[in-house]
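> prediction below, plus the sequence it came from.
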Amino acid sequence: MPEKAAPLLDKKSPAISAAVDTNTSQHDGITAAPGSKAPQQASHGPSFVASTTGAKPLGLEGRKEALTNYRSPYTIPRKFPDTAAVLGCIPKHCFEKPLWKSMQYALISIVLSISLPIVCWNYLPRPSMNNPLSLVLWAIYAFWEGAILTGCWVVAHECGHNAFCENKYLQDTIGFILHSSLLVPYFSWQRSHAVHHARTNHMSEGETHVPAEADTSGKTGMLLYQWVGEDAFAVVNLFNHLVIGWPAYLMFGATGSPKRGVTNHFIPLNDGLFPGDWKWKVLLSDVGIIATMICLYFWGKYAGSTQVLTLYFFPYLWTNMWLVLYTWLQHTDIDIPHYDESNWTWLKGAFATVDRPYPEPFDFLHHKIGSTHVAHHLCARIPHYHGREATEAIKKNFPEYYMYDPTPIVPALWRVARTCVATVKEEDLHYYTHPTN
């Protein structure tokens, strides 16, 4: 059955009624209707669009080679189901978000985030260049504290999606405090992330990790790949994403929509990303960031900069790494398609999401944000503790559309960094490619 918008107006099912508000992003100020789409392009067999840079489409065989030893390439259906049918297969109680249950998970992340630095500062040797063992121990601490803080990040992310509780003001207050404490502009990111959900894997209007096209913005990446080689390019790609990617996105809109151009999450000059009243919310987010920086200043003045750097800043860098890793791998791989304006629809974009096998304890600490992300994109107001059940319902009822990658995270990350350079068009889909001999 072709995808339609009309069934979404049917309020008979509480599950569908809840999902209508979610997928049109009413809470976040996005007005894209999930069922809206351009006319379908008919497929008449293989048809590759030539690239003026000489970049060649990998084709099915090229993707098979890149994925060897892990899985076969995804087969993308030509027709998509009715959006209401997909949302209707999810059990109704999965849309419920009791405050007491959401607070349990929030408190787990908060208590762990506060307890670990207190324990470590009292029992580990002070970090010193004269004591190499202390540096090793504190490096281990930074990694684990960063992983734990990511759980707080995810809780705030759920608040921004209206997935924490029924009280909008309470959940925005919790999300604002948690994100501000991690130097994240809460309302600014709430808005840009809502755009990401409303335009997932859209070649020109997507938000975050929008791929470069080989003939235009991707030329530099293709040339760098040819110049330094595959492995060196992967290292540069990893550094650009995991180390400087997050601040570059907040400050300049790096990997954001080419249509909206340069954006800044602290100075709301871009009307395309921050229209109308969202400008005031951006400035309110700035107040939260400034308050956190003032607290960090007085903390350093009282306890010394070494303590602030050790207990907060280095773990903070790991938290940023986890954030970018999740958002990068959730919608990017050699065989995950992107769509242009002519054939993108909301449901195609939502299903252009992949669940991955994040190991424990990270999947628990991060509230299963990476292992149940398909369900999250189909309905962002499903709280994470219902994500597994919603995922199983989607897998059971729409297995041909659900994408899961069994590749372990580190090999998957390395594959994406090595092979996903820029996109070229194959028939009516855009796939990543890289220079080949």
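Noted; the coordinates are in hand.
> if I look at residue 301, how far off is residue 308?
Counting by Cβ to Cβ, to the nearest Å, the separation of residue 301 from residue 308 is 9 Å. Where C-beta positions appear, they are placed from N, C-alpha and C, glycine not excepted.
> and the average pLDDT for the longest helix belonging to the chain is what?
When the chain is parsed with DSSP state H, its longest helix is helix 132-160. Computed over helix 132-160, the mean pLDDT rounds to 98.
> what residues of that helix count as buried?
Residues 134, 137-138, 141-142, 144-160 are the ones in helix 132-160 that count as buried (16 or more other Cβ atoms under 10 Å).
> just to confirm, which helix or strand has residue 425 in it?
According to DSSP states H and E, residue 425 maps onto strand 422-426.
> and residue 94, that's in a strand?
No - counting by DSSP: H, G, I helix; E, B strand; the rest coil, one finds residue 94 to be helix, located in no strand.
> now it. Nearest residue, chain neighbours left out?
Sequence neighbours aside, residue 386 is the residue nearest to residue 94 in space, at 4.0 Å (criterion: Cβ to Cβ, 6 or more residues apart in numbering).
> show me where the stretch 51-200 of the chain has helices.
With DSSP state H, counting those that start in this stretch, the ranges of helices along the stretch 51-200 of the chain come out as 59-66, 83-88, 99-123, 132-160, 168-181, 186-198.
> which residues touch the fifth one?
What that stands for is helix 168-181. Taking contacts as Cβ atoms under 8 Å, 6 or more residues apart in numbering, the residues outside helix 168-181 that touch it are 27, 99, 106, 110, 152-153, 155-160, 162, 164-165, 185-187, 189-190, 285, 288-289, 291-292.
> give me the mean pLDDT for it.
Throughout helix 168-181, pLDDT has a mean value of 97.
> now do the shortest one
For helix 83-88, the per-residue pLDDT values average out at 95.
> now it - C-alpha only, PDB.
Only the C-alpha atoms of helix 83-88 are listed here, as PDB (Å, rounded to 0.1, in the frame of the first residue of the first chain):
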ATOM      1  CA  THR A  83       2.600   5.400   8.200                       C
ATOM      2  CA  ALA A  84      -0.400   4.800  10.400                       C
ATOM      3  CA  ALA A  85      -0.100   1.100   9.900                       C
ATOM      4  CA  VAL A  86       3.500   1.100  11.100                       C
ATOM      5  CA  LEU A  87       2.700   3.200  14.100                       C
ATOM      6  CA  GLY A  88      -0.400   1.100  14.800                       C
END
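> what's the weakest-modelled helix or strand in the chain?
helix 14-23 (a mean of 38; mean pLDDT, DSSP states H and E).
> now for the helix or strand in which residue 284 is found, which elements pack on it?
Using DSSP H and E, residue 284 falls within helix 278-303. The helices and strands touching helix 278-303, judged by 3 or more Cβ pairs under 8 Å, 6 or more residues apart in numbering; DSSP states H and E, are helix 168-181, helix 186-198, helix 305-308.
> report the buried residues of it.
278-279, 281-282, 285-286, 288-289, 292, 296, 300.
> check stretch 94-110 too.
In stretch 94-110, counting by 16+ other Cβ under 10 Å, buried: 94-95, 97, 102-103, 105-106, 108-110.
> now render those as TSV, adding pLDDT.
As requested, those are exported to TSV (pLDDT from 0 to 100):
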residue	pLDDT
94	97
95	96
97	97
102	97
103	97
105	98
106	98
108	98
109	98
110	98
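> give me the element the residue nearest the centre of the chain is part of.
Closest residue to the average C-alpha location of the chain: residue 327 at 2.6 Å, with Cα atoms, centre = their mean. Taking DSSP H and E as the definition, one finds residue 327 inside helix 314-331.
> how far off helix 132-160 does that helix point, in degrees?
Put simply, helix 314-331 runs at 50 degrees to helix 132-160, going by axes from the mean of the first three to the mean of the last three Cα atoms, to 10 degrees.
> check which helices and strands helix 314-331 sits against.
Applying 3+ Cβ pairs under 8 Å, 6+ apart, one finds that helix 314-331 contacts helix 132-160, helix 230-242, helix 245-252, strand 354-355, helix 409-419.
> quick check: angle from that helix to helix 168-181?
120 degrees.
> following helix 314-331, which helix or strand comes up?
helix 346-351.
> give the buried residues for that next one.
346-351.
> now it: mean pLDDT?
Helix 346-351 comes out at a mean pLDDT of 96.
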